[in-house]
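K.L.:
Quick one, what's the 3D model for this:
(2 chains)
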Amino acid sequence: KQEVTQIPAALSVPEGENLVLNCSFTDSAIYNLQWFRQDPGKGLTSLLLIQSSQREQTSGRLNASLDKSSGRSTLYIAASQPGDSATYLCAALDNYGQNFVFGPGTRLSVLP
Amino acid sequence: EPEVTQTPSHQVTQMGQEVILRCVPISNHLYFYWYRQILGQKVEFLVSFYNNEISEKSEIFDDQFSVERPDGSNFTLKIRSTKLEDSAMYFCASSEYRNSLRYTFGSGTRLTVV
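P.N.:
Reported below is the predicted structural model:
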């Protein structure tokens, strides 16, 4: 059974810092891995999707990498801004494409 | 950008009552899903639905839950007799096909059972 974990659970940084969020999964037979942003009490906003055949994806200040063999993904946020404050979730889609398994999230606070 | 629409955004119901949560998936998508997130916990898969039947469900999705596509546009989740522990955010999602790269979540319905 797939298990997804994320570290750290919470992170507080001053504005402008570069930071890395970590995601680990136990079963490497994934179809893709997706990073989401969730604001308090709100829905899920997809940030980046990495297919199992890819190593990384970039969108603006965000870069996500995937290492299936080690069961790890990282989300790199460059030049963080207060508006980046949110919870970041990673989720692995299994090879049957039926459902995502989510991690518990990293709660990020970027201080002005 | 096409969206998955969920209504209502917030619903309060008394314990024991039936609730129906509604979702309008993206129009050309064929697979539909429900997830839930209890406050402070992980987002959890409930059920997937394709071709008018359940294709997979989790152990959470017991006999109290049912899903339906009553017409060509809506996808509903019914909870027959709500319990306090059903209080959660419920997310609907849809995808064009299985293993699709376009897997879109709605903004959620917050269900509060009192």
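
K.L.:
Quick check, A:T26 in contact with A:R72.
P.N.:
No. Taking C-beta atoms under 8 Å as the definition, A:T26 is not a contact partner of A:R72, at 11.0 Å. C-beta coordinates here come from the backbone N, C-alpha and C atoms, glycine included.

K.L.:
Neighbour count: these two, which is higher?
P.N.:
Using other C-beta atoms under 10 Å in any protein chain shown, the more surrounded residue of A:T26 and A:R72 is A:R72, with 15 against 12.

K.L.:
Which residue is the nearest non-sequential neighbour of A:S80?
P.N.:
Counting by C-beta to C-beta, 6 or more residues apart in numbering or on different chains, A:V110 is the residue found nearest to A:S80 once chain neighbours are left out, at 4.6 Å.

K.L.:
Please name the bridge partners of that neighbour.
P.N.:
With DSSP bridges as the criterion, the beta-bridge partners of A:V110 are A:V13.

K.L.:
ok, now how distant is it from B:I60?
P.N.:
Taken as C-beta to C-beta, to the nearest Å, the spacing of A:V110 relative to B:I60 amounts to 34 Å.

K.L.:
With B:Y35 instead?
P.N.:
10 Å.

K.L.:
can you check A:K42 too?
P.N.:
In this structure, A:K42 lies at 22 Å from B:I60, with C-beta to C-beta as the measure.

K.L.:
which residues of chain A fall in strands?
P.N.:
In chain A, strands defined by DSSP state E lie at A:4-7, A:10-14, A:19-25, A:30-38, A:44-51, A:56-59, A:62-67, A:72-77, A:86-94, A:100-102, A:106-111, listed in chain order.

K.L.:
Tell me the residues on chain A that lie near chain B, please.
P.N.:
Counting by C-beta under 8 Å from any C-beta of the partner chain, the positions of chain A adjacent to chain B are A:31-32, A:34, A:36, A:41-44, A:46, A:49, A:51, A:89, A:91, A:93, A:96-105.

K.L.:
Not counting its neighbours along the chain, what's nearest the residue sitting nearest the centre point of chain B?
P.N.:
Most central in chain B under C-alpha atoms, centre = their mean is B:W34, positioned 3.3 Å from the mean C-alpha point. Counting by C-beta to C-beta, 6+ apart, B:W34 lies nearest to B:L46, which is 4.3 Å off, once chain neighbours are set aside.

K.L.:
The one you found contacts B:Q64, correct?
P.N.:
No. With contact defined as C-beta under 8 Å, B:L46 does not count as touching B:Q64 (11.3 Å).

K.L.:
When the two are compared, which one has more neighbours?
P.N.:
A direct count of neighbours by other C-beta under 10 Å for B:L46 and B:Q64 places B:L46 higher, at 22 against 14.

K.L.:
Okay, and that one sits in which element?
P.N.:
Remark: B:L46 resides in strand B:43-50, with elements defined by DSSP states H and E.

K.L.:
now do B:Q17
P.N.:
Per DSSP H and E, B:Q17 falls between elements, in no helix or strand.

K.L.:
For it, which non-adjacent residue is closest in space?
P.N.:
B:T82 (5.7 Å).

K.L.:
contacting residues for the one you found?
P.N.:
Taking C-beta atoms under 8 Å, 6 or more residues apart in numbering or on different chains as the criterion, B:T82 is in contact with B:T13, B:Q14, B:M15, B:G16, B:Q17, B:E18, B:V19, B:L111, B:V113.
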